[in-house]
Each structure stands twice: as structure tokens, then as C-alpha cells.
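Enquirer: What would the 3D arrangement of this be:
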Amino acid sequence: MKINQALIEDALRLKLSMSHSLAAYRAKSIMVTSSGHKEGSTCLAINLALAFALNGNSEILLVDANLRSPRLHDLFQLKRDHGFLDYMTGNAQLYEAIKETQFSNIKVMTTGQSADDYVVKPLAGISQTMKASLEKDFEWVIYDTAPVNHYPDTPMLTRLVDGIVLVIRVEKTRNRDVKKAKKTLEVMNARILGGVLNEFQ
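Expert: Numbering: from 1, shown residues only. Just a heads-up that it's a prediction; the model follows:
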């Protein structure tokens, strides 16, 4: 996977701007999401992981929790199987679901088994124990997820994270869609750390 230095620097600025909130909430896990499709959440999640890994001491887990259109396995050239859904359903141990990458301190958990109409069923079993298990061996866990306004997956996944970053694509994302996403997340008592304007000139 090619690195875009400018995007990493943008993600680093975001990390720094969130540092007070992250410390105040003792956060270890962050969800990157959007209100709609193709707003740049996957790109931000990857570069945020790279930004958090810059000091070389932090172990980062990047989770592909976009159960509808997963991309991390392709971008990191990994096998998709034995991933997040397999762990959630008890069909894989945690160590089996975590994959090495070209970056020594960044691990990736791919989506795993193909999603179907019953994809939300294993999400009903999310617990604090599961959250703690995913975070145990990592400084940070970053989740890339599906759009909030399109599927029930993302609101259900908020139980795994300490904070959320909402990606907003300039001149594409409508204000009413952002408000709808924000309201949905707030109903789940999710903590929104901030929003990122993507493709802002």
C-alpha cells in the first residue's frame, strides 16, 4: 500500500486536535464513519492508524467493520477470511482474526466471512468484555464502518468504541444527512469527537 504523506499529516493534525478529548475520556478505540457512501471514511481510518503509529511504540489495530463494502483486505493485500465477523460469531479466535501488515506496529482485522441479510445478528452480542478483549493488546483500535444513514450496523457497533469521527465530504454531503447521522449516533449515546471535512480546498 502506498503512503500519501499529505494525508498522514492531515490525520496527525486531527489526532492532535482530539488529544484533549481522547485523554479526558481515556479513549482507546475510535470509529471513523460517515452519513453516506464514498465520503472518505476508509481513507481517513487508514491514515489515522498511520498517524497514531508514527512514534513507533504504539500498537494499532485497524478493524474493517464495514460489513457491506469492506476494502481493507484489498488495500493491504490480505486474505479476507478469519476476520471480524468470524470472531464475533465465535468461528475464529481473536489471534486468528488479526493479520500482520507491511507496517510493523499496525495490525488489521479484515471483515471476515461474507456478509448477508443476517449480518446484524452477531452484532447483538457485542459486550464490554468483547470490547476489552479487542483493546487489550493495543494502544489504539480504529474501526472503519459503513455509512450511519444506510445500515443498522454502524449504530450497533458504537458499543465497541469510545469516540466517533464523522467524515463529511465537501459539496457532496447534505446538511440534513449530517444532522440525521448525528442524531442517530446520539440516540445510541455515542460520543462524537468531531467531524472532518474531506476534499476541502
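
Enquirer: Only C-alpha atoms from now on, for both contacts and neighbour counts.
Expert: OK.

Enquirer: low pLDDT regions in this structure?
Expert: Where the chain drops to pLDDT under 70, the residues are 114-119, 199-201.

Enquirer: Point to the residue nearest the middle of it.
Expert: What sits nearest the mean C-alpha location of the chain, by CA atoms, centre = their mean, is Y143, with 1.6 Å.

Enquirer: what residues does the helix or strand in which that one is found touch?
Expert: Secondary structure from DSSP states H and E places Y143 in strand 140-145. Strand 140-145 is contacted by residues 28-33, 41-42, 45, 49, 52, 58-67, 134-135, 154 when judged by CA atoms under 8 Å, 6 or more residues apart in numbering.

Enquirer: Likewise for stretch 188-198?
Expert: Contact with stretch 188-198 is made by 18, 21, 39-40, 155-156, 158-159, 162-170, 185, as judged by CA under 8 Å, 6+ apart.

Enquirer: ok, back up a step: just checking: what are the partner strands of the strand holding Y143?
Expert: strand 29-34 (parallel), strand 60-65 (parallel) (DSSP bridges).

Enquirer: what's the following helix or strand after the first one?
Expert: The first helix or strand that comes after strand 29-34 along the chain, using DSSP H and E, is helix 41-52.

Enquirer: tilt between that next one and strand 29-34?
Expert: With axes from the mean of the first three to the mean of the last three CA atoms, to 10 degrees applied, the angle from helix 41-52 to strand 29-34 works out at 150 degrees.

Enquirer: Contact partners for N47?
Expert: Going by CA under 8 Å, 6+ apart, N47 touches L7, I8, A11.

Enquirer: what about I30, neighbour count?
Expert: For I30, the neighbour count with other CA atoms under 10 Å is 25.

Enquirer: and it, what are its bridge partners?
Expert: I142, G163.

Enquirer: List the contacts of it.
Expert: Contacts of I30 by CA under 8 Å, 6+ apart are W140, V141, I142, Y143, V161, D162, G163, I164, V165.
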